[in-house]
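*Asks:* got a sequence here, can you build the structure:
(chains A and B)
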Protein chains: 2
Amino acid sequence: MTDTERILLGHGGGGRLSRNLIENEIVTRFGGKGPLAGLPDGARLQLGGETLVFSTDSFVVSPLEFPGGDIGKLAVHGTVNDVSVSGAVPLWLSLALIIEEGLEMNTLRRILDSIRTASEEIGVQVVTGDTKVVARGQCDGIYINTAGIGRAIPGLNTAVNKILPGDAVIASGTLGDHGMAVMAAREKLTLNNALESDTASVHRLVAAVSQWADRVKFMRDPTRGGAAAVLGEIVENSSFGISLREESIPYNPDARAVAEVLGIDLLHVASEGRMLLVCSPDIADSLLQSWKKLPEGAGAAIIGEVTEEAGRVVLETQIGGRRMVDIPQGELLPRIC
Amino acid sequence: MTDTERILLGHGGGGRLSRNLIENEIVTRFGGKGPLAGLPDGARLQLGGETLVFSTDSFVVSPLEFPGGDIGKLAVHGTVNDVSVSGAVPLWLSLALIIEEGLEMNTLRRILDSIRTASEEIGVQVVTGDTKVVARGQCDGIYINTAGIGRAIPGLNTAVNKILPGDAVIASGTLGDHGMAVMAAREKLTLNNALESDTASVHRLVAAVSQWADRVKFMRDPTRGGAAAVLGEIVENSSFGISLREESIPYNPDARAVAEVLGIDLLHVASEGRMLLVCSPDIADSLLQSWKKLPEGAGAAIIGEVTEEAGRVVLETQIGGRRMVDIPQGELLPRIC
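*Replies:* Numbers count the residues shown, from 1 in each chain, chains lettered A, B, ... in the order given. Predicted coordinates for the structure are as follows:
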């Protein structure tokens, strides 16, 4: 640590550097034994007889509009998903805009329309907000923050320390579509493919599993850093590992094509409408079937299982090899969400 | 409205342009009869038997550090104050950072220390957060969003439509210090004065008035647009007006000096640790005395009263004249908070 140490793009990448920054600078100051400790997606808070979940995310995606969505849709889904995977029904959102002088009013209107549509579809209400404007060159079009409040679903208290070897690891659909759709749009890749962001709300996927609340051990939406970051974090300092079967992981062929061009591992790429879930093996098939009945879970698959290989995520490749899956270091895909 | 209509700096100034943008683009989409209608500082929400208040603000102040505070302190006070003047005890904050690549880590650390100190002093807890990093030139150092949740104080339900002619208008201290301190720092004005931002929490001022809950009609913290914007908004479309006595309005002589240099009316300038309150005349003196016992209310004063002159805020000047006080139009002081 030197006096001239500076923030790097990689500190925002969702990988190891992000994690270190947050653990060293945020958790040390605000964590303690409070809701921030353990860095869940959302804080669980007691008020009177109620348990709330509270979460926030800022969105800085570039470009503002991309195939399958825009920054507005993302700002609703991102926070709704953080609240949902924390085991709550999302109820209310705040909406704070930082707008660059010169943004076309019609762009703003399309984004706000998109926020309205997304929130109405989910049944979550935008109840408070803020608007700031900064001069040209002090922002890039528009940045959006949403914070969300949900009501905890009784009994659905996931915790990494409930995970046991033999538990199933399930993905709700293809992984990495969002990141690859945004990168393809940003780099203007013309692959003749129709790849779209997977941005969507996972709240119904969460509602569907609440019947097995006591056997669901972990839920998270794999955004920045992808599935590799999410799974890497849960095995870290744990007495178990995870084994993934490559042939079982659902990928979109168009996302694969973009990933290949960019030389990126799709396990490191953000989704914005997917969930990863760990549950007891006895309910894995029933849970999978219940997800498959929903359009947003149609592509769900059991992608692996919890092992006794402590601290490791291993990919069993299609050609019979074994590859370690690491938490990405720094910045693969800046401003992906 | 044309296709090339664009966002102007003035849309973020807290005056008429801001109000129009929010009413035309935000309230039309999200207002309805919900919590956003009427644009209070915070949304009142029912959850089970509890009433929550939920509010959000983004902070883009330049410079990041200024006499009397920094963007971190402001980000705590701003949201705590919005929750407080909505009649609630602030409990929890979210903290979302958008950081520009290259920000010195030590600057970030000072800001985070400042957030910790401010939140500990108030007794509010940072419970969830988010960190994004954008490339150089896509932000200006750091932007911070906080959202806050508070628990409503029973009986303290202010509403503009309870205001009656004869009611007292009270300010909790000198007006405009924050805006002038930031401008003096930004413009590097060397006036040999020790002007500091008034940034502070008003939560104890609110707690102090809760004993007269049924006779407190209105509370707000005069930030962007200053007291003129706050008072202008409450008389607009109302059956009453407000008369201010210039000689009674508390000003800091150093803030006055800066305002004079910049040619700005202090009634248009943001405070970040002050409250304006309207109450029944019978409790005005007692309320004033209770505020004066607190350090943050030491400079409180009754600055005017509600009149029958519908829709108008009038300043009775020290030389015996009468001047209309208007809601500022656009951008006087960009990035003041």
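
*Asks:* what's the separation between A:I170 and chain B?
*Replies:* The spacing between A:I170 and chain B, counted by C-beta to the nearest C-beta, to the nearest Å, is 26 Å. Using the backbone N, CA and C atoms, a C-beta is placed for each residue, glycine as well.

*Asks:* the nearest residue to that residue once chain neighbours are set aside: what secondary structure?
*Replies:* Closest residue in space to A:I170, ignoring its immediate chain neighbours: A:L277 at 4.8 Å, by C-beta to C-beta, 6 or more residues apart in numbering or on different chains. Here A:L277 is strand, with the state taken from DSSP: H, G, I helix; E, B strand; the rest coil.

*Asks:* ok, then the element right after the longest strand along chain A?
*Replies:* In chain A, taking DSSP state E as the definition, the longest strand is strand A:88-100. Using DSSP states H and E, the next helix or strand after strand A:88-100 towards the C-terminus is helix A:105-122.

*Asks:* list the buried residues in that following helix.
*Replies:* A:M105, A:T107, A:L108, A:I111, A:L112, A:S114, A:I115, A:R116, A:A118, A:S119, A:I122 (16 or more other C-beta atoms under 10 Å in any protein chain shown).

*Asks:* neighbouring strands - and their directions - for the helix or strand that comes right after that helix?
*Replies:* Counting by DSSP H and E, the element after helix A:105-122 in chain order, helix or strand, is strand A:125-134. Strand A:125-134 sits in its sheet next to strand A:88-100 (parallel), going by DSSP bridges.

*Asks:* per-domain residue ranges of chain A.
*Replies:* A:40-152, A:160-324 (automatic domain parsing).

*Asks:* give me whichever of those is most buried.
*Replies:* Across the domains of chain A, averaging neighbours per residue (mean count of other C-beta atoms under 10 Å in any protein chain shown) puts domain A:40-152 on top, at a mean of 23.

*Asks:* that domain: end-to-end distance?
*Replies:* The first residue of domain A:40-152 is 14 Å away from its last residue (C-alpha to C-alpha, to the nearest Å).

*Asks:* chain B versus A:G321, what's the distance?
*Replies:* As judged by C-beta to the nearest C-beta, A:G321 and chain B stand 35 Å apart.

*Asks:* now for the spatially closest residue to A:G129 that is not a sequence neighbour: which residues touch it?
*Replies:* Spatial nearest neighbour of A:G129, excluding adjacent residues (C-beta to C-beta, 6+ apart): A:L95 at 4.2 Å. A:L95 makes contact with A:A75, A:I115, A:V126, A:T128, A:G129, A:D130, A:I144, A:N145, A:T146, B:I26, B:F30, B:T56, according to C-beta atoms under 8 Å, 6 or more residues apart in numbering or on different chains.

*Asks:* Serialize those residues to JSON lines and add fields for pLDDT and distance to A:E196.
*Replies:* What follows is the contacts of A:L95, written out as JSON lines (pLDDT from 0 to 100; distance: C-beta to C-beta, whole Å):
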{"residue": "A:A75", "pLDDT": "98", "distance to A:E196": "18"}
{"residue": "A:I115", "pLDDT": "98", "distance to A:E196": "19"}
{"residue": "A:V126", "pLDDT": "96", "distance to A:E196": "25"}
{"residue": "A:T128", "pLDDT": "96", "distance to A:E196": "31"}
{"residue": "A:G129", "pLDDT": "95", "distance to A:E196": "28"}
{"residue": "A:D130", "pLDDT": "95", "distance to A:E196": "31"}
{"residue": "A:I144", "pLDDT": "98", "distance to A:E196": "20"}
{"residue": "A:N145", "pLDDT": "98", "distance to A:E196": "25"}
{"residue": "A:T146", "pLDDT": "98", "distance to A:E196": "22"}
{"residue": "B:I26", "pLDDT": "92", "distance to A:E196": "28"}
{"residue": "B:F30", "pLDDT": "93", "distance to A:E196": "26"}
{"residue": "B:T56", "pLDDT": "97", "distance to A:E196": "30"}
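
*Asks:* among these, which two are most distant?
*Replies:* A:N145 and B:F30 (15.2 Å; C-beta to C-beta).

*Asks:* thinking the residue nearest to A:I170 is in contact with A:F218, fair?
*Replies:* Yes: with contact defined as C-beta atoms under 8 Å, A:L277 reaches A:F218; the gap is 6.7 Å.

*Asks:* mutual contacts of the two, please.
*Replies:* Counting by C-beta under 8 Å, 6+ apart, A:L277 and A:F218 have no shared contacts at all.

*Asks:* who's the closest residue to chain B within the stretch 101-250 of chain A bridged to?
*Replies:* At 2.9 Å from chain B, A:V133 is the closest residue in the stretch 101-250 of chain A, using C-beta to the nearest C-beta. Under DSSP bridges, the beta-bridge partners of A:V133 are A:I99.

*Asks:* residues touching it, list them.
*Replies:* Taking C-beta under 8 Å, 6+ apart as the criterion, A:V133 is in contact with A:98-101, B:7-13, B:331, B:334.

*Asks:* would you confirm that A:I249 contacts A:A300?
*Replies:* No: taking contacts as C-beta under 8 Å, A:I249 lies outside contact range of A:A300: 11.5 Å.

*Asks:* got any residues that touch both of these two?
*Replies:* Shared contacts of A:I249 and A:A300 (C-beta under 8 Å, 6+ apart): A:A171.

*Asks:* contacts for stretch A:278-297 next, please.
*Replies:* Residues contacting stretch A:278-297 (C-beta under 8 Å, 6+ apart): A:163-164, A:166-170, A:172-173, A:200-202, A:204-205, A:208-209, A:211-212, A:215-219, A:234, A:273, A:277, A:298, A:300-302, A:305-306.

*Asks:* same thing but at 6 Å, please
*Replies:* Defining contact as C-beta atoms under 6 Å, 6 or more residues apart in numbering or on different chains, one finds that stretch A:278-297 is touched by A:163, A:166-169, A:172, A:200, A:204-205, A:208-209, A:212, A:215-218, A:298, A:300, A:302.

*Asks:* swap in stretch A:308-327?
*Replies:* Counting by C-beta under 6 Å, 6+ apart, A:15-16, A:165, A:228-229, A:231-232, A:235, A:239, A:241-247, A:267 sit against stretch A:308-327.

*Asks:* just the ones of those residues in strands?
*Replies:* Using DSSP E, the contacts of stretch A:308-327 in strands are A:G241, A:I242, A:S243, A:L244, A:R245.

*Asks:* could you redo those residues as JSON lines and give each row pLDDT and distance to A:P154?
*Replies:* JSON lines is the format used below for these (pLDDT from 0 to 100; distance: C-beta to C-beta, whole Å):
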{"residue": "A:G241", "pLDDT": "98", "distance to A:P154": "31"}
{"residue": "A:I242", "pLDDT": "98", "distance to A:P154": "28"}
{"residue": "A:S243", "pLDDT": "98", "distance to A:P154": "33"}
{"residue": "A:L244", "pLDDT": "98", "distance to A:P154": "32"}
{"residue": "A:R245", "pLDDT": "98", "distance to A:P154": "34"}
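
*Asks:* mind putting those residues into a markdown table with distance to chain B?
*Replies:* As requested, the ones in strands among the contacts of stretch A:308-327 are exported to a markdown table (distance: C-beta to the nearest C-beta, whole Å):
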| residue | distance to chain B |
| --- | --- |
| A:G241 | 28 |
| A:I242 | 25 |
| A:S243 | 31 |
| A:L244 | 27 |
| A:R245 | 32 |
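
*Asks:* so which of the residues you listed is the closest to B:G42?
*Replies:* Nearest to B:G42 among these: A:I242, at 42.6 Å, using C-beta to C-beta.
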